[in-house]
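S.K.: Curious how this folds, go ahead:
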Amino acid sequence: MHNEIMTPTTPSRRYHKRARAESEAQTRRRITEAAVELHGSVGPANTKMTDIARLAGVSRMTVYNHFPTGLDLFKACSTHWAAENPFPEPSAWLDDTDPATRLHTALDDLYGWYDRNEGMLGQVFRDVELLPDLAAVMGDLWGGYQDGLMRALAHGWSSGASRAELRAMLRVVIDFHTWRVLRDSGLSVDRAAAAAARMVARAAAQP
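M.R.: Model prediction:
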């Protein structure tokens, strides 16, 4: 068994390697945070790499070194933002066995989250059809979350409506733009959630 030979420069090299990695991680985080800030203020479609670089205090080339493609950048931004603004958790509503009550509880949480995060969500949902890379990321992140919502909300209904009709109604009431319409009509978060839940329950009860 051979003993490792430690030269005087080995600890220094390891230190500098670790320091360089930490510096790179900090730079990547600054770029991500700058991009997230711009996405929330001017929108992803109006965010330029030069603006991200300026806000992050780095060169434009540094931004591209960390994020070679728009897809890379949107993935990092969405992960960062979602970690700081976690989506409402569907499992929290499953204790409500009555589907209409469960839906009201879910919409109250979801609409409250929409209300708190309207600035970012409004910009992203406005621009998603303009940017294929953003659409791909949102399809994975938001599309996957919506699928989880639908699974939590769709079971337990006894209705004359077909399963496809029920899912369509649920898809409408969980939509961000539906909440905005209800809000702009003068309804508070709770009243909007109650009204949307009643609409689904009444429609589902029809033969």
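S.K.: what's the straight distance from one end of stretch 33-47 to the other?
M.R.: Length of stretch 33-47, first residue to last, CA to CA, to the nearest Å: 13 Å.
S.K.: looking at this protein, which helix or strand does the model trust least?
M.R.: helix 10-41 (a mean of 84; mean pLDDT, DSSP states H and E).
S.K.: What residues sit buried inside the very next helix or strand once past that one?
M.R.: Beyond helix 10-41 in the direction of the C-terminus, DSSP states H and E gives the next helix or strand as helix 49-56. Residues Met49, Asp51, Ile52, Ala53, Leu55, Ala56 are the ones in helix 49-56 that count as buried (16 or more other CB atoms under 10 Å). (Glycine included, C-beta is placed from N, CA and C.)
S.K.: Quick one: list the elements packing against helix 49-56.
M.R.: Applying 3 or more CB pairs under 8 Å, 6 or more residues apart in numbering; DSSP states H and E, we find helix 49-56 packed against helix 10-41, helix 60-66.
S.K.: Compute the inter-axis angle for the first one and helix 49-56.
M.R.: Meaning helix 10-41. 120 degrees (axes from the mean of the first three to the mean of the last three CA atoms, to 10 degrees).
S.K.: what's helix 10-41 packed up against?
M.R.: Contacts defined by 3+ CB pairs under 8 Å, 6+ apart place helix 10-41 against helix 49-56, helix 60-66, helix 70-84, helix 118-127.
S.K.: out of those, nearest to Ala203?
M.R.: With CB to CB, the closest approach to Ala203 among the helices and strands packed on helix 10-41 belongs to helix 118-127: 24.9 Å.
S.K.: Look at Leu170 and tell me its secondary structure.
M.R.: Under DSSP: H, G, I helix; E, B strand; the rest coil, Leu170 falls in the helix class.
S.K.: sorry, back to before: minimum distance to Leu94: which of the helices and strands packed on helix 49-56 has it?
M.R.: Minimum separation from Leu94 across these (CB to CB) falls at helix 10-41, 31.4 Å.
S.K.: Tell me how far the residue positioned nearest the centre of the chain lies from Arg116.
M.R.: In the chain, the centroid-proximal residue (CA atoms, centre = their mean) is Ala82; its distance is 4.9 Å. Distance, Ala82 to Arg116, by CB to CB, to the nearest Å: 14 Å.
S.K.: May I see the buried residues of the helix or strand containing Ala201?
M.R.: Ala201 belongs to helix 189-205 when assigned by DSSP H and E. Buried positions in helix 189-205, judged by neighbour count with 16+ other CB under 10 Å: Val189, Ala192, Ala193, Ala194, Ala196, Ala197, Val200, Ala201, Ala204.
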